[in-house]
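Trainee: Build me a model from this:
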Amino acid sequence: MTQNDHLKLLKAGFTIIRRDYQRLVIKCKMGARTQWHDLEKGFAFKAALDRKAKELLELPNCVEN
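Mentor: The predicted structure follows:
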């Protein structure tokens, strides 16, 4: 997705998430915050991060980059 795509989704009320496996955090863009910031952190394992990301993606207004 390009930055323009991100802005269109944010204006439509979506939350965009991305997984950062190096730092074991889930980053997001939402609403007026158009820069990536940490949404969830403190995961001990990649599997825990993946489970939480899967939960978030079940929400109707959440998409993954």
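Trainee: Which stretches in the chain count as strands?
Mentor: Ranges of strands in the chain, per DSSP state E, are 15-20, 25-30, 33-40, 62-64.
Trainee: Now do the longest helix along the chain against strand 33-40: the angle between them, please.
Mentor: For the chain, the helix that runs over the most residues, judged by DSSP state H, is helix 46-57. Orientation check (axes from the mean of the first three to the mean of the last three CA atoms, to 10 degrees): helix 46-57 against strand 33-40 gives 130 degrees.
Trainee: Next up, phi/psi of the residue sitting furthest away from the middle of the chain, please.
Mentor: Within the chain, the residue lying farthest from the chain centre (CA atoms, centre = their mean) is residue 44, at 18.2 Å. Main-chain torsions, residue 44, degrees, to the nearest 10: phi -90, psi -30.
Trainee: Chain neighbours aside, what residue packs nearest to it?
Mentor: residue 24 (7.6 Å; CB to CB, 6 or more residues apart in numbering). No exception for glycine: its C-beta is placed from N, CA and C like everyone else's.
Trainee: wait, doesn't the one you found sit right on residue 43?
Mentor: Yes: Residue 24 is within contact range of residue 43, at 4.4 Å (criterion: CB atoms under 8 Å).
Trainee: could you measure the spatially closest residue to residue 45 that is not a sequence neighbour against residue 31, distance?
Mentor: Spatially, and ignoring its direct neighbours in sequence, residue 45 is nearest to residue 24 (7.7 Å; CB to CB, 6+ apart). Plainly put, residue 24 is 24 Å away from residue 31 if you go by CB to CB, to the nearest Å.
Trainee: Cool, thanks, talk later.
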